[in-house]
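Peer 1: Structure, please.
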Amino acid sequence: MRKWCMVAMIWAVAWPSPAATNLWDGGTDGAWGTAANWDLDTPFADGNDVEFYALGAGNLTTTLGTNRVVNLLIFNSNAANVVTISGNTLFLLGGVQFDPLSTNHVVSSTINISNFNQTWNLNAGQTFTVGAVNDVGNTVVTVSNGTVLLTANGNLGQWNMTSGATLLQTTTGGKVNDTATSVALDASSIWDLSGFTEALRGLAGAGLVTNYGVGNLDTRPQAGDEFVFSGVIHQTNGGVGGSWVMQGLSTVGTQIFETTLPFYNNIQILNGVGVLRGTNGAAPFLTNVINVGRA
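Peer 2: I've put the predicted structure just below:
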């Protein structure tokens, strides 16, 4: 059985070979395809690290122009003004690194993780705003500190939030994918839904789920999955509805809660295995029935 939990370390994977670095100086315009925008007028090369930016760089609103492959995306100590990256798809192999002196940055391009588990290292007070983040397997993105703000629906194996990191959703267009993506929170990390609800593959760890909307929490663990969550779930306008639901023909795994669920409607375990476990596993506010059966 595949057990999902928070991972407070860089995963051991087949990392790409050490890469050269393209350093942005923005000498001409915002296009990645313009050689003069890179230090020493060296054209961008797929597979290199990309670093923003050289001292005094300009044209920080940038466009990929075509699909690009980047090893490590770096925002260095010079990056005190917001960098934006848009258009096409950014294939990201090695992760993201924010210097403590850097500010917030935005990638609205689709990010494809290309099945390389990776770490995004941010610092307290920094926000990395992203669009869709996708993979084609069970890739894990570990976020260390800072905030990742999701603005588009994605399809990732797992968001693994560690070291005080926050996963923030502020729009209905910034959802995780219901049968593909799980969320794991270490004890210091937060998933803030800003009043929205979610359907996801599973929830694991010991952190805080806050501002959960008035509605259902729909968990859909897949074959071989076992998710265990022992943290805290805080529902917006607590006491007004909401249910824990497991449904869908592909939902055959296990979701375990070792915590008090805040929902007031019911529990519906129509597929898979749902468990309230231990002295803290409880649903004391239910006003309706617990439904167990097959959809």
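
Peer 1: Mind telling me what element V275 is part of?
Peer 2: strand 273-276 (DSSP states H and E).

Peer 1: what helices or strands is the next helix or strand after that strand leaning on?
Peer 2: Where DSSP H and E defines the elements, the next helix or strand beyond strand 273-276 is strand 290-292. Contact here means 3 or more CB pairs under 8 Å, 6 or more residues apart in numbering; DSSP states H and E; on that basis strand 290-292 packs against strand 267-269. Placement of C-beta: from N, CA and C, glycine included.

Peer 1: What's the mean pLDDT across the strand it packs on?
Peer 2: When pLDDT is averaged over strand 267-269, the result is 93.

Peer 1: do the same with stretch 129-138
Peer 2: pLDDT averaged over stretch 129-138 gives 90.

Peer 1: Against N288, how distant is Y264?
Peer 2: 8 Å (CB to CB, to the nearest Å).

Peer 1: Kindly report the same for N153.
Peer 2: Distance from N153 to N288, by CB to CB: 30 Å.

Peer 1: more crowded one of those two?
Peer 2: Comparing N153 with N288 by other CB atoms under 10 Å, the one with more neighbours is N153, at 18 against 12.

Peer 1: quick one: G146 and N76, what's the gap?
Peer 2: For G146 relative to N76 (CB to CB), the value is 16 Å.

Peer 1: what about these two, which has more around it?
Peer 2: Using other CB under 10 Å as the criterion, G146 and N76 rank with G146 on top: 22 against 18.

Peer 1: Not counting residues beside it along the chain, what's closest to that one?
Peer 2: What sits nearest to G146 in space, not counting adjacent residues and going by CB to CB, 6 or more residues apart in numbering, is L122, at 2.5 Å.

Peer 1: R220 now?
Peer 2: T251 (4.4 Å).

Peer 1: what does F75 give?
Peer 2: Nearest to F75 is S102, by CB to CB, 6+ apart, at 4.2 Å.

Peer 1: Tell me if I am right that that neighbour is in a strand.
Peer 2: No. Checked against DSSP: H, G, I helix; E, B strand; the rest coil, S102 lies outside a strand; its state is coil.

Peer 1: how many neighbours does it have?
Peer 2: S102 has 24 nearby residues by other CB under 10 Å.

Peer 1: same deal with Q158?
Peer 2: So Q158, with other CB under 10 Å, has 27 neighbours.

Peer 1: need the contact list for T219.
Peer 2: Contacts for T219 (CB atoms under 8 Å, 6 or more residues apart in numbering) come out as A199, L200, R201, G202, L203, F227, W244, V245, M246, T251, Q255, G274.

Peer 1: mind redoing it with 6 Å?
Peer 2: By CB atoms under 6 Å, 6 or more residues apart in numbering, T219 lies in contact with G202, M246, Q255.

Peer 1: Ok, G174 next?
Peer 2: Contacts of G174 by CB under 6 Å, 6+ apart are L150, T151.

Peer 1: In three-state terms, label it for me.
Peer 2: Per three-state DSSP, G174 ends up coil.

Peer 1: measure it to T42 for me?
Peer 2: In terms of CB to CB, G174 sits 36 Å off from T42.

Peer 1: cool, V214 as well?
Peer 2: Taken as CB to CB, the span from V214 to T42 is 53 Å.

Peer 1: Equivalent analysis for G27, please.
Peer 2: In terms of CB to CB, G27 sits 12 Å off from T42.

Peer 1: go on, S108?
Peer 2: On the measure of CB to CB, S108 and T42 end up 25 Å apart.

Peer 1: got any ranges where this structure has weak pLDDT?
Peer 2: 1-18, 237-240, 293-295 (pLDDT under 70).

Peer 1: One more pass at 80, please.
Peer 2: Residues of the chain meeting the criterion pLDDT under 80: 1-19, 114-115, 136-137, 236-241, 288-295.

Peer 1: biggest strand in it by residues?
Peer 2: For the chain, the strand that runs over the most residues, judged by DSSP state E, is strand 89-98.

Peer 1: ok now the next helix or strand after it, how far from the chain's centre?
Peer 2: The element immediately downstream of strand 89-98 (helix or strand, assigned by DSSP H and E) is strand 105-107. Computed by CA atoms, centre = their mean, to the nearest Å, the chain-centroid distance of strand 105-107 equals 14 Å.
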